[in-house]
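How does the following fold in three dimensions:
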Amino acid sequence: MVKDIQPLNEKETRAGFGEGILEAGRNNPNVVALTADLLGSMKLNAFIKEFPDRFVQVGIAEANMIGIAAGMTIGGKIPYTTTFANFSTGRVYDQIRQSVAYSGKNVKICASHAGLTLGEDGATHQILEDIGMMKMLPGMTVIVPCDFNQTKAATIAIADYEGPVYLRFGRPKWPNFTPENQKFEVGKAQVLHEGTDITLFACGHMVWLSIEAGKILEEKGYSVEIINIHTIKPLDEEAVLKSITKTRCAVTAEEHNVLGGLGDSIAQVAARHLPIPIEYVGTNDTFGESGKPVELLKKYGLDKEHIVAAAEKALARKQK
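Numbering: from 1, shown residues only. As a prediction, the model looks like this:
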């Protein structure tokens, strides 16, 4: 039953990153951290205390940070660059494309405060285009974990994953429900609940909201499959096809523009192999605004009620 999925507690996904990079640093002496004047927000204090000689404070110079990180890989280092998602992508896209992706540098681009749940800082900081930007770069792996425990596990795992990675996470405290000390497998979707009527595909904060929506749909008599697509690229196409072959309709949910994100990746697989009704939950070609995270999600159609409505629309389309 979907209702059996319960949170262990509430923690910030960025705090999971902080614990994860500390563990990665203990496991591998080549792991280094760089930040653009945001060590506190990025939860780097413990790493810096334990490994002061493996930390670079670049200052408010994000483009330089990407270039420095790319150069460090030539000497065998595994650099984790850290700043807000907007500054990790939009401000430095040229440097990422030319200095990291083009030559396949082993840089881990770690981006916090993504999406609407950044909250009060408003539209200038709430990037909603970054998944699309990053997944289009050849060779770039894109990971969007769903809670504290998974963000920690992903942060540890990418140290052993060769090649450029974009790791996206968030600012607020959020339900933490996946297992502690889990093993994170890049590119492998996580089936949270099996069902036969409809599939809910989600990433990041929207995974928990999809679980809550699944509980409502279950009460309405529907059998709901819920899949956490924590790795947007490379996408686990086998898991996607296995699920939609069974359910024959789907909803995608992401804290991102519906143009170019998770939804488009799922729809592309379906279009090539098994066209089905798919409804998107995400921001609709718009910027955000300042406000409380949960209130913004509701205003922009990214809450459990909108996921339920999207699911019922997809189910109705399937029955025609």
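
Measure how buried residue 158 is and give me the count.
As a burial measure, residue 158 scores 27 neighbours (other C-beta atoms under 10 Å). In short, each C-beta sits where N, CA and C put it, glycine included.

would it count as being in a helix?
Yes - judged by DSSP: H, G, I helix; E, B strand; the rest coil, residue 158 forms part of a helix.

hey, where'd the helices end up in the protein?
Secondary structure of the chain (DSSP state H): helices located at 13-27, 45-50, 62-74, 85-89, 93-95, 130-135, 148-157, 206-219, 237-247, 262-273, 293-299, 304-319.

other SSEs contacting the last one?
Under the contact criterion of 3 or more C-beta pairs under 8 Å, 6 or more residues apart in numbering; DSSP states H and E, helix 304-319 touches strand 198-202, helix 206-219, strand 250-257, strand 278-283.

Alpha carbons only: can I get that helix in CSV?
Output of helix 304-319 as CSV, limited to C-alpha atoms (Å, rounded to 0.1, in the frame of the first residue of the first chain):
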residue,chain,number,x,y,z
LYS,A,304,-0.3,16.6,-4.6
GLU,A,305,-3.7,17.8,-5.7
HIS,A,306,-2.4,18.8,-9.2
ILE,A,307,-0.7,15.4,-9.5
VAL,A,308,-3.9,13.7,-8.7
ALA,A,309,-5.8,15.8,-11.2
ALA,A,310,-3.1,15.0,-13.9
ALA,A,311,-3.4,11.3,-13.1
GLU,A,312,-7.2,11.3,-13.4
LYS,A,313,-6.8,13.1,-16.7
ALA,A,314,-4.3,10.5,-18.0
LEU,A,315,-6.6,7.7,-16.8
ALA,A,316,-9.6,9.2,-18.6
ARG,A,317,-7.5,9.5,-21.8
LYS,A,318,-6.5,5.9,-21.6
GLN,A,319,-10.1,4.7,-21.3
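
What lies in contact with it?
Residues outside helix 304-319 that contact it (C-beta atoms under 8 Å, 6 or more residues apart in numbering) are 197-198, 200, 206, 209-210, 212-213, 216-217, 222, 224, 248-251, 253, 276-281, 298.
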